[in-house]
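Q: I would like to see how this sequence folds:
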Amino acid sequence: MSKDIRIKRGLSLKLEGEAEKELVKAPRSKTYAIKPPDFHALVPKMVLKEGAKVLAGDELFFSKYTDELRFTSPVSGTLKTIKRGEKRKIMEVIIEADPEDTYRDFGKMDAASSDAEAVKQRILESGCGAFINQRPYDIVADPKDTPKAIFISAVSTAPLAPDWGFILKDKIAAFQEGVNALKKLTPGKVHLAVDASSAQYLKDIKGVELHTVKGPHPAGNVGIQIHKIDPINQGDRVWTVNPEDVTIIGNVFLTGKFIADKTVAVTGSEATNRKYFSTIIGAEVADIINKVDEDVRIISGNVLTGLKLAYDQHISFFSNEVTLIPEGNNYRAFGWLPFTYNNIHSNSRTSLSFLFPNKKFKPTTNLNGEERALVVTGEMEEVLPMDVYPMQLIKACMAGDIEKMENLGIYEVAPEDFALVEYVNTSKIEIQEVIRLGLDLMITEVG
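A: Residues are numbered from 1 along each chain as shown. Got it, this is the predicted structure:
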C-alpha cells in the first residue's frame, strides 16, 4: 500500500557543487577508523588491544551499558591505534588494513523464514546493531527494546544530498533482505519513504508500507516522516535505519559476511572531483578528495548538519556525503545594510537573491552576524513542518524544564530537524546544540 505525504513548510537550499551521477571505486585506504563519538551517548569498552589481528566483522568494542550492542571492524588487518581524548575517552579505533579483506563467517541465513530472536542475534553479533537508531533521543537503539515501527527514509532533500536512487539501484536484493530482517524486529510496520528517484527502484520492495514524499527540506528527514505517519508518545520506541545501511544488514544474511561498503558523494563548490565514490566505512578522507588549502572547509555530511573534518582524518560512520565549501574568513563591510550583497541566499529577503529562485548559491561558513537577543515571531515555524512550537521548545531546553519539554514535543524531535530553524534564525543561536542538550537531559532524568 502506498501513501502520499506532502510537505508545504520548509526551505530547499539550491547550492553549487552537486555530485555527478558517476560511480568511481575509491583507492583502498591504508587505515580505517571507527569513531565512538559518532554514536551519541555511547560509552565503549574495548575487546582487543593495540597490535591485535582482526577479520572484517570481528568485534572491536561493545557498549558499557548494553553489552549486546557490539561494534565490529569494517576491514581485516591490525588494530593499529586506540586514540584517546580527555579522561581517556576513546575517540577513534584505527585499523591498519590488509591488502585484501578476509571476513569472519557468520553463516548464511534466510531472514524471512528464520526465527525473530535468531535474526536479532545475527544483527547484533555482526555489528549491524550500530546502524539502527532510536527515536526519541536520536541514539543507538537498545536491543532490549521492541520498537512500535521502523522507518527508512530514501528521500533526498538536504542541500546537495546524495541521490538514494542512484546509490541503491544495484543493491535491491540486499535491500530487500535487509527489510526482511528488520521486519522481524518489530510487531508493527516497516515504513519506507521514497521520492521520484528512489521510487524507480524501491517501489516493488515487499514487506514495507511505502510512502511517497514530496516537498521542500526537511521533508527527507526521517523525524518529519515519523511525525506525519506514526507520531511518538512518551514510552514509545521507533527505530530508524539509513537506506544503504539496510543493504549492509541484508548482505550479512545473504553472504554471512559483514561487508561494510559505503557510497560517498563528494559535493560542494570547492570540490574538484564531484562524483560518487564506492569505499568502505571509516575510510580516509584523502582517498576520495584532492588536497585542499586552509581556505576550504571539509564537512562530513551536508552543510546544515555535517561535522568538520581535517584532510588527514577518516569519514564518519553514518556519512554518505563529504561537502567542500569556502571558509568564511572574508568579512563584509556594511554587511548589515539590506540589498548590499545580492550574491548570497537570504530567507529574510535582505538581498535581491529572492528574485532568482532557481539560482544556485556558493555558501561559506560565515555567520553573517553575531549572536543577538532578537527573535522574529513566526520565523521558525515557516521551516519546521511539525505540530510543535519551536521557539517555546528551544526555551524549555535552555531552561532545562523537563515537564515543558515533554508537553512541547521533545520526544518527537532530533537536532537535525532544527537545522533549518538554526539557518533562518535571526538570533544566530546554535539551536541544534540546544536541542541535543535538551535530549541528553531527558535521557538522564527520564530514560
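Q: just the strands in the stretch 1-150 of the chain please.
A: Applying DSSP state E, counting those that start in this stretch to the stretch 1-150 of the chain gives strands spanning 2-6, 23-25, 31-34, 44-46, 53-54, 59-63, 70-72, 77-84, 90-97, 133-135, 139-140, 149-154.
Q: Paired strands for the first one, with orientation please.
A: So the one you mean is strand 2-6. The sheet places strand 2-6 alongside strand 209-214 (parallel), with pairing taken from DSSP bridges.
Q: Can you name the next helix or strand after the strand it pairs with?
A: helix 222-229 (DSSP states H and E).
Q: List the strands paired with the helix or strand just after that following helix, with their directions.
A: Using DSSP H and E, the helix or strand that follows helix 222-229 in sequence is strand 238-241. Here strand 238-241 is paired, per DSSP bridges, with strand 133-135 (antiparallel), strand 149-154 (parallel).
Q: re the thing from before, dump the strands of the stretch 1-150 of the chain to CSV, plus mean neighbour count.
A: (C-beta placed from N, C-alpha, C; glycine too.) Below are the strands of the stretch 1-150 of the chain laid out as CSV (neighbours: other CB atoms under 10 Å):
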stretch, mean neighbour count
strand 2-6, 12
strand 23-25, 12
strand 31-34, 23
strand 44-46, 15
strand 53-54, 18
strand 59-63, 21
strand 70-72, 23
strand 77-84, 17
strand 90-97, 20
strand 133-135, 21
strand 139-140, 20
strand 149-154, 25
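Q: Just the pLDDT at residue 345, thanks.
A: Note on residue 345: pLDDT of 68.
Q: Among the strands of the stretch 1-150 of the chain, which comes closest to residue 311?
A: strand 31-34 (14.0 Å; CB to CB).
Q: My guess is residue 311 contacts residue 292. True?
A: Yes. In this structure, residue 311 is within contact of residue 292 by CB atoms under 8 Å, at 6.4 Å.
Q: got any residues that touch both of those two?
A: Common contacts of residue 311 and residue 292 (CB atoms under 8 Å, 6 or more residues apart in numbering): residue 298.
Q: where does this protein have its least confident helix or strand?
A: Lowest by mean pLDDT, DSSP states H and E among the helices and strands of the chain is strand 2-6, with a mean of 85.
Q: Quick one: low-confidence residue ranges for the chain.
A: In the predicted model, the chain carries pLDDT under 70 at residues 1-2, 331-346, 349-356.
Q: where do the helices sit along it?
A: 116-125, 164-168, 172-183, 199-202, 222-229, 243-255, 390-399, 402-407, 419-424, 431-445 (DSSP state H).
Q: What are the contacting residues of the shortest one?
A: To tie it back to what came earlier, the one meant is helix 199-202. 154, 165, 168, 169, 172, 175, 192, 194, 210, 212.
Q: how distant is it from the center of its chain?
A: Centroid separation for helix 199-202 versus its chain: 21 Å, with CA atoms, centre = their mean, to the nearest Å.
Q: which ones are touching the spatially most central residue of the chain?
A: Among the residues of the chain, residue 318 comes closest to the average C-alpha position under CA atoms, centre = their mean, at 5.4 Å. Neighbour list for residue 318: 38, 242, 245 [criterion: CB under 8 Å, 6+ apart].
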